[in-house]
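Engineer: next comes the sequence, and after it the predicted model I'd like to discuss.
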Amino acid sequence: MNTPQIILIVLAVLALFAAIFVVGLYNKLVGLRNRFKNAYAQIDVQLKRRYDLIPNLVETAKGYLKHERGTLEAVTEARNMASSANTSAAANPGDPGAMKKLAGAEGALSGALGRLMAVSEAYPDLKANTTMQSLMEELTSTENKVSFSRQAYNDAVMTYNTQREVFPSSLVANTFHFTAAELFAIEKPEEREATKVSFT
């Protein structure tokens, strides 16, 4: 074998190793992206359950909270906005805009539910209602599941984002357009508060 043939063989072997390395990094990024999308799917299941419980809660409370119509409407409106934001986020869990919109809508919904619970404290008959108690227990259980699912999602996003930012994965990520994913976090306590509702 002459020198040019040896050089060609060495270059071919190096190119093969480089291709295997790039394919390995690409596949790892795809796997991590699919993991955080699956983690969001778990949040989606719990959020939909939460959204299904809220109309029942509002209907149960309506009979007792006749003078608190604004509070009930605020809960319903916040639920609808959160459900819409969740639909957008579920379509692309990595989209930073959709995740921020969902976090804001969820914060507003939590604030509206908190006000509903505060108002319901003034109505002993409502607090004693077994349907209301059952719905509140289910809602609390669902809230806990959402919290755990959100933590799992955020962990998966952090792993994915770290992998796409470290060298040499960043070269593959940028070449194949692996964009950063957004965490699902409600960062500011004031975002948990919805706009004030005037009672009519």
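Structural biologist: Structure's in. What do you need?
Engineer: ok, now how distant is residue 35 from residue 87?
Structural biologist: Remark: distance between residue 35 and residue 87 (Cβ to Cβ, to the nearest Å) = 22 Å. To be clear about C-beta, it is placed using only N, CA and C from the backbone, and glycine gets the same treatment.
Engineer: neighbour-wise, which of those two wins?
Structural biologist: Under the criterion of other Cβ atoms under 10 Å, the comparison of residue 35 against residue 87 puts residue 35 first, with 17 against 14.
Engineer: and the more buried one, what element?
Structural biologist: helix 3-62 (DSSP states H and E).
Engineer: can you check residue 64 too?
Structural biologist: In this structure, residue 64 sits in neither a helix nor a strand according to DSSP H and E.
Engineer: the residue lying closest to it once chain neighbours are set aside in helix, strand or coil?
Structural biologist: Of all residues not flanking residue 64 in the chain, residue 126 sits nearest, at 3.9 Å (Cβ to Cβ, 6 or more residues apart in numbering). Secondary structure, DSSP: H, G, I helix; E, B strand; the rest coil: residue 126 is helix.
Engineer: and the pLDDT for residue 126?
Structural biologist: What the model reports for residue 126 is a pLDDT of 83.
Engineer: and it, how far is that from residue 62?
Structural biologist: Taking Cβ to Cβ, one finds residue 126 at 10 Å from residue 62.
Engineer: between those two, point out the one with more neighbours.
Structural biologist: For residue 126 versus residue 62, the count of surrounding residues by other Cβ under 10 Å is larger for residue 126: 18 against 12.
Engineer: OK, contacts around the more buried one?
Structural biologist: 60-61, 64-65, 120, 132 (Cβ atoms under 8 Å, 6 or more residues apart in numbering).
Engineer: show me the shaky parts of the protein.
Structural biologist: The chain contains residues with pLDDT under 70 at 187-200.
Engineer: distance of residue 73 from residue 144?
Structural biologist: On the measure of Cβ to Cβ, residue 73 and residue 144 end up 27 Å apart.
Engineer: I appreciate the help and will end here.
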